[in-house]
Structure formats: structure tokens, C-alpha cells
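Chemist: Sequence first, then the predicted structure, then my questions.
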Protein chains: 2
Amino acid sequence: MAKSKEGYFTEENSIDVVNERISEQCDPRLKEVMTVIVRKLHEAVKEIEPTQDEWMQAIMFLTQTGHKTDDWRQEFILLSDILGVSMLVDAINSRRPSGASENTVLGPFHIQGAPQLEMGANISLDGKGEPMYVSGRIIDTQGNPISGAQIDIWQANEDGFYDVQQKGIQPDFNLRGVFHTGEDGKYYFKSAKPKYYPIPDDGPVGKLLASLGRHPYRPAHFHYIVQKKGYETLTTHLFDPDDEYIHSDAVFGVKESLMADFKRIEDLKKIAEHGFTQPYFEVEYDFVLAREK
Amino acid sequence: MAKSKEGYFTEENSIDVVNERISEQCDPRLKEVMTVIVRKLHEAVKEIEPTQDEWMQAIMFLTQTGHKTDDWRQEFILLSDILGVSMLVDAINSRRPSGASENTVLGPFHIQGAPQLEMGANISLDGKGEPMYVSGRIIDTQGNPISGAQIDIWQANEDGFYDVQQKGIQPDFNLRGVFHTGEDGKYYFKSAKPKYYPIPDDGPVGKLLASLGRHPYRPAHFHYIVQKKGYETLTTHLFDPDDEYIHSDAVFGVKESLMADFKRIEDLKKIAEHGFTQPYFEVEYDFVLAREK
């Protein structure tokens, strides 16, 4: 590190001058983090060579992003999402042994306290949309069933909205449920086929997306949190591979291993068996939990 | 660039996947800027490996910085200042031929419309503090005087506050003045010796400074904007080299070439000559303007 003469700032020594100011008494992790942030920030500025106007545009963008954020809207998380940062942090924190199911982002629509249901229950409380029957097993990396695993499921409706986005329009806890596996590790429930939807795009992040020529859509998916003591908690989605946005998720949440097969079932006997009155979609997917490190 | 298979995100290909989404129709400069930002941001995340909690702390820091910002307080500019980004952008935009005076940051306290004064005027309207007599010349890189140059000067008082920070306490336009050079290129005015002062540190940026073990002080200085048609506008400060914070300016604004000699004058004849009634500080400094490119 080129110790700068008397600590005066120049274009050449800028990174060292700023980082040398951090005190020896500083928390070591904060020092480590800020040292990297300063270095990468200065590298970016040196490569971009922003004009004063461009610098001010960046300041105003951050200001507007802060002003859009309140108790109900987190525009900085959206920004992190559309730049792939949320997914990257998730990936770094979810490195698993091969064979274990992959994580993806939690998203902003999970809520605590969804109703605990019996296997087979229908979480579509208003019966709208195309019916869906989902089943599978929770197993360990040796293929043994895990009993007593808790499965928390939530999703948007056929119009692309979660219940919490449409209070008074959708029933409370629509398309949400918590299930627990038995000895066989199996789970199964009924629901409605999810649809793609836009992330909130009426703020500065939506404007940025538009300027980049990017759309705001997430492909159809439903969410899982699977947890069992002694295993790593799995926070993930299952995606519809036929969705038109499957290759361009606005928040980069799609992973190849998280594609499910949405099979359209027209067989009248199977339709009747599940208590449906029209063709439905069948999804089967096993989740593999990794042992806690 | 490793084209990612089907555009799905992994820890390894994250930078390319995000940047490949930018449309061909995107404004080329925006594309260039965002490509660098995404790359440096992902490099930082990969080096830091933040936990989910640390990522959330970063989101909350940015949120609080946004919420602290209003029409009177720009916490993101403060953040840019204390990380050396403002100075770096200034340096990049103020590369000058050798011999020309150096820029430093504008700061938030410049205002338009300060009174136009005759050479020799005293800009200290309340007469407080230790008197100061400042003189020098505005010249070109060949040493020729520049006539008709406009010199806009502003500074904090002996308590470290600008007039706009103490409305009703200091007179309006206290310690501000606009002067114009004659044929000889000379300028001179009377004022009060400035003192070090803290940047506003009651917000998230102040908290960050404290966590890093850094103080919030700027060494004593006064500001100049010198402009003349055909020359690059010079936005700069003069600093007191004896100030206790001269080697640790919180915003990295100090440059070696911008030190002035603050000479204490006790000679009674000279004191009387300038109309002072006590010892004063004498500062002499020539500014060299570069021809516009």
C-alpha cells in the first residue's frame, strides 16, 4: 500500500488515503467491509469517469430511492434485487453439498402465522384460477424421508397479486399454508396455478429498469420454506418452465434445478379424485435437505 | 464474456447474467455506466461475502441515509464526501496543465447572489473573530494578470458556522462577497480568520464516521470560485496549514498546493493602515487559471 505523503488526496492514491483513515480501534469486520467498499467504489469511479452532472444524477437516484422507501415499500431491496445482488448474497450464504435442493430469494411477501393445514388442503380460499395439485417428498441427501418437516407455502393468484397486496379483495391468508410431514416425508396440497407478475415498478427502480430496456416481470412461481431441526433451512421457489419470462426473471431468482413440470391433467377420473370440476395442473417435486454444518 | 446457459444466475456467472440483460436499445453511456457498477458491486459482494444480516444492515443504512435527506440536508452527498468519492469526481473533472491552480470540492454552503463588493471591502459584517487581510493576483499560466475575473468568496465564522446555518444569529451574507479584478489582476479584501468545523454528524453518516474511529472535522479554510470567459472555472479553498485537522480533513479536500501562509501581523503601523484595531492575519495567494480546452 503506497502510504500517501502527509495523507493528502490525489487521483492516484485516493483508495489508500481513504482507507488509511480507518482507526485501528475500528471493529475488524467493519474495517474489512468498508475497505473493500471504498476500493471497489473508487475503482468504479475511475473506470466510469463521471461528469459532475452524472455524479449528481447518482446522488439524486439514491435520494429518490430512499424517499420511495417506507414501512410498506423497500425500494433499496428492489434495487438490490434487479442488480442481482440479493441473489448473489443468497447464493453465497446457501452453498450446499451436491444433491441438496437449491435456495432462491425469500422475496418481500412472506408472512408469519399462516394457517397450519392438513395435507391435501386447498390453499386457494376463493377458488379462482386454474386448479393445481402439488405433491412430493422431503428427503435427506441419502434419500431417506424426513418426518416432522415444516413446509411453509405462499404464492400470488392468477392476477399476479399476493393476498397482502389486495387486502379486502382476496381473503386473508389466500394461497398460504403451513404443512408438516409424517413418517413418509410426503407432502401434498391443492392450489391455483400461479402467473407471472411485475415487481413494483412505479418508483426510481422501475424507471431504471425501463431505461435499461428491461421488463419488470417475474415468471410464475410458488414459494417454499422447508425447515427441520438439524437441517439447513431451505428457502426456495418452484418455477413454471413454460412461462414467457422464465429466461428473464427481473430479480434473477430462476435456477435450472428449481423448474417443476406443470402437467395439465384432463382425465375425468383423476379430476374427480381430487375434487376438482375442471382440468388441473399436476406438479410433483421432492426437496432434499442438507444436514446443518 | 462467458455467455450463461439460458441466462440462469449462478455465483460464478452473476456479473455477465445481469449485464447481458441490458437492452441493445439502451442509451450507450447508461449501459457503460451500469455495466461497471454491476461488475464492481458484484466483485465487492464476492470479496466481502456478507451474511444475510450484513446485507440487511447495508439496506437499512441506505434507507436511513435517504430518510435523513431533505431540501436542507443531503446525507448522500455527505456519504460521497467522507468516502472520498466527491473529491475523486472533482479530481477527474479538473485535470489541469501543470502550473494551473488546483480545484477542490464546492461544498454545500455556496449561494448565488452574494453582494458585489469593491476591492478592500470587509466581508465580516459582524466584525467578530480575529481579523484577516487577504490579497493576491489572478494570472494565466504565463504569469499575465487576468482582468475582469470574477472572484466569489465565502467562509465560516470563528465558531465554524456559515451564515446560512445561523440565520438570525449571523447577518445575511456574512463572510461572503463577489469581487472583480482590474487590469492588474489583483484582488484584496478583509475578513475574519476561519476555524475548523464539523460536517453535520447527527445522521447515519456521522454514525458511520464514529464507527470507523474518524472525526467529523474539516480544517480551517475559505472558498473561492474564480471565473473568467475563455478560462476553466476554478472552484477551490485556501487552507490554514497550522490547523490541527490539516492532515485529516473529513472530506479529503486538502491539497498541498492549496495551503496558504496565515502570517500574524502585530506591527501597529500595518494594523492601522488596514483600519484594524488588533493584530491580524495576512494571507497572500495567487491563482493561476488554465485556458479552456
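Modeler: Arrived safely, thanks for sending. Numbers count the residues shown, from 1 in each chain, chains lettered A, B, ... in the order given.
Chemist: what comes up buried for stretch A:286-293?
Modeler: Judged by neighbour count (16 or more other Cβ atoms under 10 Å in any protein chain shown), stretch A:286-293 contains these buried residues: A:287-290. In short, each C-beta sits where N, CA and C put it, glycine included.
Chemist: no no, stretch A:142-149
Modeler: A:145-146, A:149.
Chemist: picking that back up, which ones among the buried residues of stretch A:286-293 map onto strands?
Modeler: A:287-289 (DSSP state E).
Chemist: Longest helix in chain A, please.
Modeler: helix A:28-48 (DSSP state H).
Chemist: what residues are up against the residue in the stretch 101-250 of chain A that chain B sits nearest to?
Modeler: Residue nearest to chain B within the stretch 101-250 of chain A: residue A:213 (2.4 Å; Cβ to the nearest Cβ). By Cβ atoms under 8 Å, 6 or more residues apart in numbering or on different chains, the residues touching residue A:213 are B:22-26.
Chemist: tell me which element it is part of?
Modeler: Using DSSP states H and E, residue A:213 maps to neither a helix nor a strand.
Chemist: longest strand in chain A, by residue count?
Modeler: Per DSSP E, chain A has its longest strand at strand A:131-140.
Chemist: next structured bit after that one?
Modeler: strand A:150-155.
Chemist: Tell me what angle that following strand forms with strand A:131-140.
Modeler: 150 degrees (axes from the mean of the first three to the mean of the last three Cα atoms, to 10 degrees).
Chemist: Tell me which residues are up against strand A:150-155.
Modeler: Contact with strand A:150-155 is made by A:109-111, A:114, A:123, A:138, A:162, A:175-181, A:187, A:189, A:191, A:194, A:221-228, as judged by Cβ under 8 Å, 6+ apart.
Chemist: same question, stretch A:268-285
Modeler: With Cβ under 8 Å, 6+ apart, stretch A:268-285 has contacts from A:130-136, A:190, A:193, A:238, A:260-266.
Chemist: quick check, residue A:61 in a helix?
Modeler: Yes: Residue A:61 forms part of a helix when assessed by DSSP: H, G, I helix; E, B strand; the rest coil.
Chemist: separation between it and chain B?
Modeler: 9 Å (Cβ to the nearest Cβ, to the nearest Å).
Chemist: and that residue, what does it touch?
Modeler: A:204, A:208.
Chemist: How much space separates it from residue A:213?
Modeler: 17 Å (Cβ to Cβ, to the nearest Å).
Chemist: How about residue A:187?
Modeler: 41 Å.
Chemist: Same question for residue A:285.
Modeler: With Cβ to Cβ as the criterion, residue A:285 and residue A:213 are 34 Å apart.
Chemist: and if you look at residue A:58?
Modeler: 20 Å.
Chemist: what does residue A:270 give?
Modeler: Separation of residue A:270 from residue A:213 (Cβ to Cβ) stands at 44 Å.
Chemist: Give me the phi and psi angles of residue A:180.
Modeler: phi -130, psi 130 (degrees, to the nearest 10).
Chemist: What is the burial count for it?
Modeler: 16 (other Cβ atoms under 10 Å in any protein chain shown).
Chemist: Then residue A:154?
Modeler: Count around residue A:154 with other Cβ under 10 Å applied: 23.
Chemist: Domains in chain A, by residue range?
Modeler: For chain A, automatic domain parsing gives the domain ranges A:1-49, A:85-289.
Chemist: Against residue A:250, how distant is residue A:271?
Modeler: Residue A:271 is 35 Å from residue A:250, by Cβ to Cβ.
Chemist: Neighbour count: these two, which is higher?
Modeler: The residue with more neighbours, out of residue A:271 and residue A:250, is residue A:250; 24 against 17, by other Cβ under 10 Å.
Chemist: Let me see the contact set for residue A:164.
Modeler: So residue A:164 contacts A:109, A:111 (Cβ under 8 Å, 6+ apart).
Chemist: that's a strand at it, yeah?
Modeler: No: applying three-state DSSP, one finds residue A:164 to be helix, outside a strand.
Chemist: any idea how far it lies from residue A:226?
Modeler: Following Cβ to Cβ, the distance that separates residue A:164 from residue A:226 is 22 Å.
Chemist: Residues of the stretch 101-250 of chain A that sit close to chain B?
Modeler: Proximity of the stretch 101-250 of chain A to chain B is confined to A:211-214, A:247-248 under the rule Cβ under 8 Å from any Cβ of the partner chain.
Chemist: which among those end up buried?
Modeler: Here, 16+ other Cβ under 10 Å leaves A:212, A:214, A:248 buried among these.
Chemist: and of the residues you listed, the nearest to residue B:90?
Modeler: residue A:212 (28.0 Å; Cβ to Cβ).
Chemist: Distance of the closest one relative to residue B:22?
Modeler: Counting by Cβ to Cβ - residue A:212 and residue B:22 are separated by 5 Å.
Chemist: Equivalent analysis for residue A:208, please.
Modeler: 11 Å.
Chemist: list the buried ones in whichever strand or helix holds residue A:15?
Modeler: Assigned by DSSP H and E, residue A:15 falls within helix A:14-20. Buried residues in helix A:14-20, defined by neighbour count with 16+ other Cβ under 10 Å: A:14-19.
Chemist: And for stretch A:201-216?
Modeler: Applying 16+ other Cβ under 10 Å to stretch A:201-216 flags A:201, A:203-206, A:208-209, A:212, A:214-216 as buried.
Chemist: go on, stretch A:104-121?
Modeler: A:104-108, A:114, A:117.
Chemist: which pair in those spans the largest distance?
Modeler: Among those, A:105 and A:117 lie farthest apart (Cβ to Cβ), at 24.6 Å.
Chemist: Where does chain A get nearest to chain B, residue-wise?
Modeler: For chain A, Cβ to the nearest Cβ, closest residue to chain B: residue A:66, 1.1 Å.
Chemist: residues near that residue, how many?
Modeler: 21.
Chemist: sorry, back to before: can I get the buried residues of helix A:14-20 in TSV with pLDDT and distance to residue B:275?
Modeler: As requested, the buried residues of helix A:14-20 are arranged in TSV below (pLDDT from 0 to 100; distance: Cβ to Cβ, whole Å):
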residue	pLDDT	distance to residue B:275
A:14	97	44
A:15	98	49
A:16	97	47
A:17	96	42
A:18	97	44
A:19	97	48
